[in-house]
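Chemist: I'd like to go over a predicted model; first the sequence, then the structure.
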Amino acid sequence: GAVVSQHPSWVICKSGTSVKIECRSLDFQATTMFWYRQFPKQSLMLMATSNEGSKATYEQGVEKDKFLINHASLTLSTLTVTSAHPEDSSFYICSAREKRGATELFFGEGSRLTVL
Amino acid sequence: GESVGLHLPTLSVQEGDNSIINCAYSNSASDYFIWYKQESGKGPQFIIDIRSNMDKRQGQRVTVLLNKTVKHLSLQIAATQPGDSAVYFCASSSGGYQKVTFGTGTKLQVIP
């Protein structure tokens, strides 16, 4: 099956710094990628939809200047958490869809961010 | 907006028994539904899906039932095994399979 890889799988940073998380589709080209955020014992909350070559579409309540998303190629999307604070600590998960109209989403293994 | 929710936060079953996990959704425009399994510290894993023009779909040991009249979705796992222990999420989308919205999740605990 299709593989989506996230890096890093976990990261610890100091408050005020920025952290970049990468999401790569390893064996397919992803026209659309989605970024989710998951707090402990809670569900996945969609943050934004990212289409290759265009600006990301953010969900209501998600600060686009805080969570910068770039989808520069068909195999890579990045999420940058800017000026991270402890409340940004969470599990960030990306998913990718191979082509428009395709139904199946392929998920990465997630990246756990801890902000001290 | 679209919301999807679950009735039971935790479900404990004996190994070998059948499990039924339920889900309610609110958006009548939802036309595609998916069940995911998530193990601790990992990303969601696709289990089975169903489109709104169907009311039942079977996979290996799993069956998804869709009742559009009452906006209800269920996942049935036959002969539940310890490896089935995980959190299960229902999810849905509408209008061309764009964004997928997740429900609140049910933790399945299999008792050996």
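Modeler: Cool, got the structure. Everything numeric here is computed off the predicted structure, so don't read it as measured data.
Chemist: could you use CA atoms for every contact and neighbour count after this?
Modeler: Will do.
Chemist: show me where the chain has strands.
Modeler: Answering for chain A, as no chain was given. A:4-7, A:10-13, A:19-25, A:32-38, A:44-51, A:57-58, A:67-73, A:76-81, A:90-97, A:106-107, A:111-115 (DSSP state E).
Chemist: you answered for a different chain; I wanted chain B.
Modeler: With DSSP E as the criterion, chain B has strands spanning B:4-6, B:10-14, B:19-25, B:32-38, B:45-51, B:56-58, B:62-67, B:72-77, B:86-93, B:101-102, B:106-111.
Chemist: among these, which comes closest to residue A:14?
Modeler: Taking C-alpha to C-alpha, strand B:32-38 is the member of these nearest to residue A:14, at 28.8 Å.
Chemist: mind checking pLDDT for residue A:80?
Modeler: What the model reports as pLDDT for residue A:80 is 97.
Chemist: how close does the closest residue to it other than its chain neighbours get to chain B?
Modeler: The shortest distance from residue A:80 to any non-neighbouring residue, by C-alpha to C-alpha, 6 or more residues apart in numbering or on different chains, is to residue A:20 (4.2 Å). Taking C-alpha to the nearest C-alpha, to the nearest Å as the measure, residue A:20 falls 18 Å from chain B.
Chemist: go on, residue A:58?
Modeler: Distance from residue A:58 to chain B, by C-alpha to the nearest C-alpha: 11 Å.
Chemist: skipping adjacent residues, who's closest to that residue in space?
Modeler: residue A:48 (4.2 Å).
Chemist: may I have the beta-bridge partners of that neighbour?
Modeler: Here residue A:48 sits in beta bridges with residue A:35, residue A:58, going by DSSP bridges.
Chemist: report the contact partners of the residue nearest to residue A:80.
Modeler: A:78-81 (C-alpha atoms under 8 Å, 6 or more residues apart in numbering or on different chains).
Chemist: could you list every residue that touches the closest residue to residue B:30 other than its chain neighbours?
Modeler: Using C-alpha to C-alpha, 6+ apart and skipping residues adjacent in sequence, the residue nearest residue B:30 is residue B:94, 4.4 Å away. Contacts for residue B:94 (C-alpha under 8 Å, 6+ apart) come out as B:29-32.
Chemist: I figured the residue nearest to residue A:58 hits residue A:35, correct?
Modeler: Yes. With contact defined as C-alpha atoms under 8 Å, residue A:48 counts as touching residue A:35 (5.5 Å).
Chemist: residue ranges with poor pLDDT in the chain?
Modeler: In the absence of a named chain, chain A is used. For chain A, the stretches with pLDDT under 70 are A:1, A:100-101.
Chemist: oops, I was thinking of chain B
Modeler: For chain B, the stretches with pLDDT under 70 are B:1-8, B:95-97.
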